[in-house]
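Enquirer: with the input below, show me the fold.
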Amino acid sequence: MTEIPLVWFLVGLAASAFLSFLVVKFLDRLLKIDAENAKKQIIERAERDAGNKLKEADLAIKERDLAQKQATEKELSKSRDELRDRERTLDKRQENLGQQEDDLRKQQKMVESNQRRLSERLEDANRRHEELGKLLEMQRQTLHTLSGLSPGEASKRLLDSLEQELSQEMGSIISRHEKRVAEVVEQKSRDIFLTALQRYAAAHTAESTTSTVDIPSDEMKGRIIGREGRNIRTFEKVTGVDVIIDDTPGVVIVSGFDPVRREIARQSLNKLIADGRIHPSRIEEVFNDTSREIEAYIQKKGEEAAQEVSVHGVHPKVLYMLGRLHFRTSYSQNVLRHSIEVAFLSGMLAEMIGLDGDIARRSGLLHDIGKAADHELEGGHPKIGADILKRHNEKPEIVHAALGHHDEIITEYPYTMLVATADAASASRPGARRESLERYVKRMEELESIACGFPGVEQAFAIQAGRELRVIASAKDTDDMKAAKICRDIAKAFEEQLTYPGEIKVTVVRESRFTDVAR
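Expert: All right, here's what the predicted structure looks like:
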């Protein structure tokens, strides 16, 4: 009885082991199926990613090829344009060469023709000389035979006749020599002027009507403005300039037409930014200190300029006005350096033609002194400068040079002409002034267009580099009273719409013309 349960136990144990084996095998098979599925999914995902990457690579290659193709086409287009420009340049050169060749042929023909004409005239002159000798001999014999005059009387008549003929020839010879002397004088003056220019060379400093001040950070802009704008209002009121604070990072712009005030404001703002304390009382304190420093600097610059050109005995007030020109520009040319250059050129020109070089240098140095105050006083800078020099007991030659160096008056002294010549040379030499032709034309057109906008104006012409405007009014549409009103209205329009140094002279001309024909 005990053996039977043991057998069943062993059978159950074996069945249990077999079932366990079957379960293990089943689980192992399930794991293999899951692994195969996972493997397939990984392979499919990898294939899909590889396909996407291949597509992206193809797309990138196509984009790069397209970019390279566009760049190549751009280079080719640029090369074609350059070739066309070169071809046009070569065509122009070829046309110029052809034109020059034609001109040379024409000149050669003219020379040959002139030679033939001269030889013919020489032969004709010789023939006439022989005929004249024969006629004189016949005249002498005829006078002796027919008139019954004595040889003395006949000689006297003959000499009178010859004297009349010789006087005519003498006038022709004198005229020819005067023309030759004028040509020699012109050539000599040109050589003297070019020699003076070659002996002197100067550098030019360019300024503008705005100054930039660097700031350490944009936070400083708020401190410059102050609470409710009190700092910037105080600064603008004390210095007399405009402070422009915009979105430009790291920069504050100081704008003003008076260059001295602008420089004082710029240095004052630099000191305030460096100090960090910006409030109304501090602004006034720094401005006063900077003003004293600039005043001393201006006086020093005036004295240095006078010493540089060896001009002595100038009144301290005139030296101060001269130093102010260091901060004044004319079409971007520094006026003080321009005055020094004019002084040197005037002195050299005067010495080469036998005039006083010291007076010429003094006249050249002080000729633009009026520009130091033309924004404060009425009138053009020549008149203002002449008044300043006359008030400080300068010589009449120097006062006249300042007044007439723009050829606005009749020249009474040779130094005025020398200063005007040196002034034009200094202003027109390459690099002296930076104003472009477009800006100059635009400024002239602006003056003329404003004037032409008034009723009754037929034409307007800006002259003297924009310092004067000549207006032609219609005689039919206006009378004298209307012409005077037009002149005043144009001047007021300039004051309201334009910004310019000095003054602009407006002249309105109204003319009536009547024409008839006598038959």
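Enquirer: can you show me the strands along the stretch 251-400 of the chain?
Expert: Along the stretch 251-400 of the chain, counting by DSSP state E, counting those that start in this stretch, strands occupy 251-255, 329-330, 333-334.
Enquirer: if you could redo that for the chain, that was the one I meant.
Expert: 210-214, 242-244, 251-255, 329-330, 333-334, 457-463, 468-473, 505-510 (DSSP state E).
Enquirer: for those strands, give me TSV that also has mean neighbour count and mean pLDDT.
Expert: (Glycine included, C-beta is placed from N, CA and C.) Shown next, in TSV, are the strands of the chain (neighbours: other CB atoms under 10 Å; pLDDT from 0 to 100):
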stretch	mean neighbour count	mean pLDDT
strand 210-214	16	69
strand 242-244	16	83
strand 251-255	18	81
strand 329-330	21	74
strand 333-334	22	76
strand 457-463	16	87
strand 468-473	20	88
strand 505-510	18	88
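Enquirer: quick one: closest of those strands to Lys25.
Expert: When these are compared by CB to CB, strand 251-255 sits nearest Lys25, at 84.7 Å.
Enquirer: average pLDDT for the lengthiest helix in the chain?
Expert: Counting by DSSP state H, the longest helix found in the chain is helix 3-142. Here helix 3-142 scores 84 as its mean pLDDT.
Enquirer: and that helix, how far from the chain's centre?
Expert: 39 Å (CA atoms, centre = their mean, to the nearest Å).
Enquirer: so which elements touch it?
Expert: Secondary-structure packing of helix 3-142 (3 or more CB pairs under 8 Å, 6 or more residues apart in numbering; DSSP states H and E): helix 151-199.
Enquirer: I'd say Lys300 and Gly323 touch.
Expert: Yes. Using CB atoms under 8 Å, Lys300 is in contact with Gly323, at 7.0 Å.
Enquirer: tell me which of those two has more neighbours.
Expert: Gly323 (25 against 13; other CB atoms under 10 Å).
Enquirer: these two touch, right, the more buried one and Lys301?
Expert: Yes. Using CB under 8 Å, Gly323 makes contact with Lys301 at a distance of 3.9 Å.
Enquirer: who touches both of these two?
Expert: Shared contacts of Gly323 and Lys301, defined by CB atoms under 8 Å, 6 or more residues apart in numbering, are found at Leu336.
Enquirer: off-centre distance for stretch 380-395?
Expert: Mean-position distance between stretch 380-395 and its chain equals 28 Å (CA atoms, centre = their mean).
Enquirer: I'd like the average pLDDT over that stretch.
Expert: Rounded mean pLDDT across stretch 380-395 is 86.
Enquirer: list the buried residues in that stretch.
Expert: Neighbour-count burial for stretch 380-395 flags 380-390, 392, 394 (criterion: 16 or more other CB atoms under 10 Å).
Enquirer: go through those and flag which are in helices.
Expert: Per DSSP H, the buried residues of stretch 380-395 map to helices at His381, Pro382, Lys383, Ile384, Gly385, Ala386, Asp387, Ile388, Leu389, Lys390.
Enquirer: out of the residues you listed, the closest to Met138 would be?
Expert: Using CB to CB, these come closest to Met138 at Pro382, 70.8 Å.
Enquirer: which residues are in contact with that closest one?
Expert: Gly370, Ala402, Leu403, Gly404, His405, His406, Glu408.
Enquirer: show me the contacts for the fifth one.
Expert: His405 makes contact with His367, Pro382, Thr416, Val419, Ala420, Asp423 under the criterion CB under 8 Å, 6+ apart.
Enquirer: next one: the first one, what pLDDT does it get?
Expert: At His367, the predicted lDDT confidence score is 86.
Enquirer: how about the fifth one?
Expert: Looking at Ala420, its pLDDT reads 84.
Enquirer: again with the third one
Expert: On pLDDT, Thr416 comes in at 85.
Enquirer: so what's the residue count around it?
Expert: Number of residues near Thr416 (other CB under 10 Å) recorded here: 24.
Enquirer: my read: Thr329 touches Pro259, true?
Expert: Yes. Taking contacts as CB under 8 Å, Thr329 lies within contact range of Pro259: 7.2 Å.
Enquirer: from the contacts of His405, which ones fall inside helices?
Expert: Pro382, Thr416, Val419, Ala420, Asp423.
Enquirer: now, among the residues you listed, which is nearest to Leu76?
Expert: Nearest to Leu76 among these is Asp423, at 53.2 Å by CB to CB.
Enquirer: what's the farthest-apart pair in the buried residues of stretch 380-395?
Expert: Checking the buried residues of stretch 380-395 with CB to CB, the most distant pair is Gly380 and His392, at 19.3 Å.
Enquirer: returning to what we had before: JSON lines for the contacts of Pro382, including pLDDT and distance to Leu447?
Expert: Output for the contacts of Pro382, formatted as JSON lines (pLDDT from 0 to 100; distance: CB to CB, whole Å):
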{"residue": "Gly370", "pLDDT": "84", "distance to Leu447": "22"}
{"residue": "Ala402", "pLDDT": "85", "distance to Leu447": "26"}
{"residue": "Leu403", "pLDDT": "85", "distance to Leu447": "24"}
{"residue": "Gly404", "pLDDT": "83", "distance to Leu447": "24"}
{"residue": "His405", "pLDDT": "76", "distance to Leu447": "23"}
{"residue": "His406", "pLDDT": "75", "distance to Leu447": "18"}
{"residue": "Glu408", "pLDDT": "68", "distance to Leu447": "18"}
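Enquirer: tell me the one among those nearest to Ser161.
Expert: Comparing these against Ser161 with CB to CB places Gly404 closest, at 52.6 Å.
Enquirer: that closest one reaches Thr411, doesn't it?
Expert: Yes. At 6.0 Å, Gly404 and Thr411 qualify as touching, with contact defined as CB under 8 Å.
Enquirer: gap between the spatially closest residue to His406 that is not a sequence neighbour and Ala17?
Expert: Nearest residue to His406 in three dimensions, chain neighbours excluded: Pro382, at 5.8 Å (CB to CB, 6 or more residues apart in numbering). Distance, Pro382 to Ala17, using CB to CB, to the nearest Å: 130 Å.
Enquirer: same thing with Asp65?
Expert: 70 Å.
Enquirer: returning to that earlier point: can you put the ones in helices among the buried residues of stretch 380-395 in JSON lines and add distance to Ala460?
Expert: Below are these laid out as JSON lines (distance: CB to CB, whole Å):
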{"residue": "His381", "distance to Ala460": "24"}
{"residue": "Pro382", "distance to Ala460": "24"}
{"residue": "Lys383", "distance to Ala460": "24"}
{"residue": "Ile384", "distance to Ala460": "26"}
{"residue": "Gly385", "distance to Ala460": "28"}
{"residue": "Ala386", "distance to Ala460": "29"}
{"residue": "Asp387", "distance to Ala460": "30"}
{"residue": "Ile388", "distance to Ala460": "33"}
{"residue": "Leu389", "distance to Ala460": "34"}
{"residue": "Lys390", "distance to Ala460": "34"}
